[in-house]
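Enquirer: would you be able to build a 3D model of this:
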Amino acid sequence: MKALVTGATGFTGGHLARHLRRQGHAVAALVRPASVHKTEGLKRDSVEIRQGDLTDAAAVRTACEGIDVVFHIAATYREAGQSDAAYTCVNVDGTRHVLEGALANRAVRVVHCSTGGVHGHIEHPPANENAPFAPGDVYQRTKLEAELLASRFGRERGLDVVVARPIGIYGPGDLRFLKMFRGIARGRFPMLGRGRVFYHLTYIDDLCRGFELCATVPGAAGRTYILAGPEYTTLQRLVELVAQELGVRPPWIRLPVWPVWMAGALCEAVCVPLRVEPPLYRRRVDFYRKSRAFDTRRAREELGYNPAVDLKTGIHLTAQWYRSQGRL
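Expert: Here you go, the predicted structure:
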């Protein structure tokens, strides 16, 4: 197939573009003009660069020319001082532009990347695709709005849309979990609460295979799939596995959750209106108090999705990359 990947200069989109090239597919990447300087690696892997911003409907439509499958990975993530309108502009309106561009160019399918975060805290784990929605912040709310838009657009406009909800993406190249690895390595990782909440990670290579299946399995049309790793575990066990890989003692000092959560709320109330990065977010505290554990049965049965990288191996490969980059 000829694929277009949005967000290809980011961690997930970049891995996906390279994965598709390794599988023999022709790949183009929609790249913002401001991010063109990040495309040298993509070019070396024979990924075609098509410039355009998600907020520019005409540019997105042009980028979709000659494309069979659009993988819509791009989104604006959590940034201090960014207005709610900015999230809507990129995550929702940008998704509409992708869908309209794909339809105008007669693309065969759109694989829309949502997030497991639309489910929020999982009260009765593991959750499947029918679990209640409970987005916890503006990023998750706009991602949910974009997902619902994509599904509705597919039904009403006759476009083949598949929605994927990735869970806890990690692996070589990811920097979101670096703070946890580095904190544990240096004995400075704070443990709040008892660590009994569940956490679920998905190794990037498994996720890319899942995305490809979403694009190529005929029966996936109009469906939604949770793409997660082969196992979930408690936060306490996750921290222990990282500590074991790094050869250090797991954190042993524990602090109560709620006073720290309240401190985060105060920091946000003071800093966000001033567009200053708060030293502490409630979202970071939620890492310790919200369970995230998911059931991938639908993806396994309907797509043949079979995540192969177990948690211990994935942690080893991720730590190995951090070491190779001098980040630990």
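
Enquirer: mind listing what Ala263 touches?
Expert: Taking CB atoms under 8 Å, 6 or more residues apart in numbering as the criterion, Ala263 is in contact with Leu280. Backbone N, C-alpha and C define where each C-beta goes, glycine included.

Enquirer: Arg32 is in contact with Asp53, isn't it?
Expert: Yes. When contacts are counted by CB atoms under 8 Å, Arg32 is listed as touching Asp53 (5.1 Å).

Enquirer: for Gly168, see how far away the nearest residue to Lys143 once chain neighbours are set aside is.
Expert: In space, Lys143 comes closest to Thr115 once its chain neighbours are excluded; the distance is 5.0 Å by CB to CB, 6 or more residues apart in numbering. Spatial separation of Thr115 from Gly168 under the definition CB to CB, to the nearest Å is 10 Å.

Enquirer: same check on Glu240?
Expert: For Glu240, the distance to Gly168 under the criterion CB to CB works out to 17 Å.

Enquirer: who has more neighbours out of those two?
Expert: Regarding Glu240 and Gly168, a neighbour count based on other CB atoms under 10 Å identifies Gly168 as having more, with 21 against 17.

Enquirer: residue contacts, the residue lying closest to that one once chain neighbours are set aside?
Expert: Spatially, and ignoring its direct neighbours in sequence, Gly168 is nearest to Leu201 (4.1 Å; CB to CB, 6+ apart). Going by CB under 8 Å, 6+ apart, Leu201 touches 167-170, 229, 232, 238, 311, 314.

Enquirer: rerun at 6 Å
Expert: Contacts for Leu201 were tallied using CB atoms under 6 Å, 6 or more residues apart in numbering; they are 168, 170, 229.

Enquirer: now swap in Tyr322 and tell me
Expert: With contacts defined as CB under 6 Å, 6+ apart, the neighbours of Tyr322 are 181, 328.

Enquirer: please, which helix or strand holds it?
Expert: Tyr322 belongs to helix 311-324 when elements are defined using DSSP states H and E.

Enquirer: ditto for Val248
Expert: Applying DSSP H and E, one finds Val248 in no helix or strand.

Enquirer: state the distance from the closest residue to it other than its chain neighbours to Leu328.
Expert: By the measure of CB to CB, 6+ apart, the closest residue to Val248 outside its immediate chain neighbours is Ala185, 6.0 Å from it. Here the distance between Ala185 and Leu328 works out to 5 Å (CB to CB).

Enquirer: again with Asn91
Expert: With distances taken as CB to CB, Asn91 is found 32 Å from Leu328.

Enquirer: so between these two, which is more surrounded?
Expert: For the pair Asn91 and Leu328, the greater number of neighbours falls to Asn91 (26 against 16), based on other CB under 10 Å.

Enquirer: contacting residues around that one?
Expert: Contact criterion CB under 6 Å, 6+ apart gives 75, 142-143, 146 as the residues in contact with Asn91.

Enquirer: out of those residues, who has the most neighbours?
Expert: Taking other CB under 10 Å as the neighbour criterion, Ala146 ranks highest of the contacts of Asn91 with 29 neighbours.
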